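Trainee: Sequence and predicted model, in that order:
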Amino acid sequence: MLDSVVNINGILTPGNRATVSVFDHGFLYGDGVYETLRSYNRKPFLLKQHFTRLRTSARRLLLQNLPSDRELESRILETIPTVHPTGEVTIRILVTRGVGELSYNPTACPTPTTIIITRPHHNPPDEVIRKGIKLIVASVVRNHPRSVDPSIKSNNLLNNILAMQEAFQLGAAEAILLNQRGELTECSQSNLFAVRNGVALTPPLKSGLLEGVTRNFLFEVGAQLGTQVRECVLTEEDFHSVDELFITSTTREIVPVVSVGNQVIGDGTPGPITSALLAKLREMAQAANSPIEESNSKL
Ligand SMILES: Cc1ncc(COP(=O)(O)O)c(C=O)c1O
């Protein structure tokens, strides 16, 4: 089993031999977009939603000539048995501006570079789900939507990295970012939810954040479970009064949060709504992944 398999512009390569040009604008300028997917039952989950967000992000950067959804899907499917004969995988799609002159002019790079990195998937350890994680609120604020808009899932991740460096320094698992009005937005690599009086609340898109595919899926999970999940402007003040807190992302699903800085959340243990949403999410994800032939025809 290889650690990773990488498809670069249609060519499959072992991860340790996968390289791109130093003149690729993804490398030079962070000029590109990406998606992270995972498989359930060895099939990519919510593929269509990830492709839609990839194309929306690309459009915002005037990044053109991406391979078709069908072509991307066929490249992804080709990597899965190569990287892992039996288990689940994590898939990262990157589309960069491509190789060209050192210029910010998009016409310098007519052809984007398309990379698919596939690796074995690892769920968060059971202990993390059982005990929950600690977060901090970063001093660095989330990019303003009129700067590098956080709703674009771009390879330009310094805002997230700076926030996460603060978390590493304080032994926290994730960093919450505020916007310039002091509202909670999201974490460096995940969306944030709080539970109060049985209702799961998440910051609205207008607070300035990435519209997570898992975040969106959680509205459906809540509906199936009979738990209300809705948007609500939240601030640090809310940490005193919420009963539960959790983060969501494609690779981590739902992870309970038991403290933010010195503030203990609820009774300091993962809460029942968080656990119920996680169980339902897993059940729905397993059930939703139809055979590959069917998912092909849906695109
Ligand atoms: C900044 C940020 N917010 C939220 C998410 C969660 O998004 P998704 O559920 O689509 O994985 C991610 C995932 O990488 C992220 O980087």
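Mentor: Perfect, thanks for sending it. Keep in mind the model is a prediction, meaning the values are calculated, not measured. Numbering: from 1, shown residues only.
Trainee: Around residue 171, how many other residues sit close by?
Mentor: 8 (other CB atoms under 10 Å). For every residue, glycine as well, the C-beta is placed using N, CA and C.
Trainee: Next: the one 5 residues further on.
Mentor: The local packing count at residue 176 equals 28, with neighbours defined by other CB under 10 Å.
Trainee: Where does it fall, secondary structure wise?
Mentor: Using DSSP states H and E, the element containing residue 176 is strand 174-178.
Trainee: Name the next helix or strand downstream of that strand, please.
Mentor: Beyond strand 174-178 toward the C-terminal end (DSSP H and E), the next one is strand 184-187.
Trainee: The strand holding residue 176 - contacts with which helices or strands?
Mentor: In this structure, strand 174-178 makes packing contacts with strand 133-137, helix 158-169, strand 184-187, judged by 3 or more CB pairs under 8 Å, 6 or more residues apart in numbering; DSSP states H and E.
Trainee: which of the ones you listed is buried the deepest?
Mentor: With neighbours defined as mean count of other CB atoms under 10 Å, the helices and strands packed on strand 174-178 peak in mean count at strand 184-187, which reaches a mean of 26.
Trainee: Can you name the element that comes right after it?
Mentor: strand 191-196.
Trainee: Contacts only, for residue 276.
Mentor: For residue 276, the contacting residues are 225, 227, by CB atoms under 8 Å, 6 or more residues apart in numbering.
Trainee: Could you chop this structure up by domain?
Mentor: Per automatic domain parsing, the structural domains of the chain span 5-120, 126-286.
Trainee: got the residues of the protein near the ligand?
Mentor: The chain has residues 36, 160, 186, 189-191, 210, 212-215, 248-250 near the ligand, with proximity defined as CB under 6 Å from any ligand atom.
Trainee: who wins for neighbours among the residues you listed?
Mentor: Highest neighbour count within the residues of the chain next to the ligand, by other CB under 10 Å: residue 186, with 28 neighbours.
Trainee: buried stuff in the strand or helix carrying residue 219?
Mentor: Per DSSP H and E: residue 219 is located in helix 213-225. For helix 213-225, burial by neighbour count (16 or more other CB atoms under 10 Å) applies to 213-215, 217-218, 221-222, 225.
Trainee: Okay, helices next: where are they in the stretch 1-150 of the chain?
Mentor: 25-29, 47-60, 69-83, 126-131 (DSSP state H, counting those that start in this stretch).
Trainee: hey, C-alpha coordinates of the helix holding residue 219 in PDB?
Mentor: Listed next in PDB are the C-alpha coordinates belonging to helix 213-225 (Å, rounded to 0.1, in the frame of the first residue of the first chain):
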ATOM      1  CA  VAL A 213     -20.200  20.800   2.900                       C
ATOM      2  CA  THR A 214     -20.500  19.100   6.200                       C
ATOM      3  CA  ARG A 215     -22.100  22.200   7.700                       C
ATOM      4  CA  ASN A 216     -24.700  22.100   5.000                       C
ATOM      5  CA  PHE A 217     -25.200  18.400   5.400                       C
ATOM      6  CA  LEU A 218     -25.900  19.000   9.100                       C
ATOM      7  CA  PHE A 219     -29.100  20.800   8.300                       C
ATOM      8  CA  GLU A 220     -30.300  17.600   6.700                       C
ATOM      9  CA  VAL A 221     -29.000  15.500   9.500                       C
ATOM     10  CA  GLY A 222     -30.800  17.700  12.100                       C
ATOM     11  CA  ALA A 223     -34.000  17.400  10.000                       C
ATOM     12  CA  GLN A 224     -33.800  13.600  10.000                       C
ATOM     13  CA  LEU A 225     -33.100  13.500  13.700                       C
END
